[in-house]
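In: take a look and give me a structure for this.
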Amino acid sequence: MKTATFTTFVVAVFSSFFLFACAKKDNSVINQSGSQTTPSNFMNQDNQTTSATDNNQISDMVALNTPYGQIVIKLFTDKAPNTVKNFLTKVNAGFYNGLSFHRVEPGFVVQGGDPLGNGTGGGTIVSEITDTPFIRGSVGLARGGIKEQSNDSQFFICLSPDTCQPLTNEYVNFGQVVYGMEVVDQLQIGDKILSATTQTK
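Out: As a prediction, this is how the structure comes out:
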């Protein structure tokens, strides 16, 4: 095995272990072409900006407003419906407003959504693990050592396909950043989620 390949493999395995260790309690897009799109371009079939549960329909877009700008996430309502519903319930209740990104691993993930701010907070939810591949911009749930049980509030955003690919089939993948990865790249430990909303304009 070539040295570079072996090094990438070791980093990926270690990083994957560290991901669930950071949420250690057991209860505890960019578009594919690479082009930039503004939040106002995300429209539903009625040519209306996606918003919170209009006409009893579940929103499939969430915006995280940060000191560096807005991160827009498209949620996988069909692949992880219960995870998305839980996430949207928290978003609409203002749960994430003011919480911090407590973990930043360059070349791997940024992680936030912990009400305690140290990687040990949050509750549990049944894992909805699919074979949706983790790539740059993928949004997943943190978890402890029990694969079938994930943290109900802590989420991470992947920074690299190389280091995040081993998370596929191991962690819940429930969304994809479709705008603002340059914002994600600027995040530092302690940076705040100023607000989380289904209004992406």
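
In: Leu187 is in contact with Phe101, isn't it?
Out: Yes - distance between Leu187 and Phe101: 5.2 Å, which falls inside the contact criterion (Cβ atoms under 8 Å). Quick note: C-beta positions are derived from backbone N, CA and C, even for glycine.

In: which neighbours do these two share?
Out: Contact criterion Cβ atoms under 8 Å, 6 or more residues apart in numbering; residues shared by Leu187 and Phe101: Val110.

In: by contact count, what packs against the host helix or strand of Asn86?
Out: Of the helices and strands defined by DSSP states H and E, Asn86 is found in helix 81-93. Here helix 81-93 touches strand 61-66, strand 69-75, strand 124-126, strand 149-158, strand 173-179, strand 195-197, going by 3 or more Cβ pairs under 8 Å, 6 or more residues apart in numbering; DSSP states H and E.

In: list the contacts for Gln186?
Out: Applying Cβ under 8 Å, 6+ apart to Gln186 gives the contacts Tyr68.

In: quick revisit: helix or strand right after the helix holding Asn86?
Out: strand 101-105.

In: following that next one, which helix or strand comes up?
Out: The element immediately downstream of strand 101-105 (helix or strand, assigned by DSSP H and E) is strand 109-112.

In: who does that following strand pair up with?
Out: Each strand that strand 109-112 pairs with, and the sense of that pairing, follows from DSSP bridges: strand 101-105 (antiparallel), strand 149-158 (antiparallel).

In: from those strands, which stretch is densest packed?
Out: Mean neighbour counts were taken over those using mean count of other Cβ atoms under 10 Å, and the top value, a mean of 25, falls to strand 149-158.

In: that one vs strand 61-66, what angle?
Out: Inter-element angle recorded for strand 149-158 and strand 61-66: 70 degrees (by axes from the mean of the first three to the mean of the last three Cα atoms, to 10 degrees).
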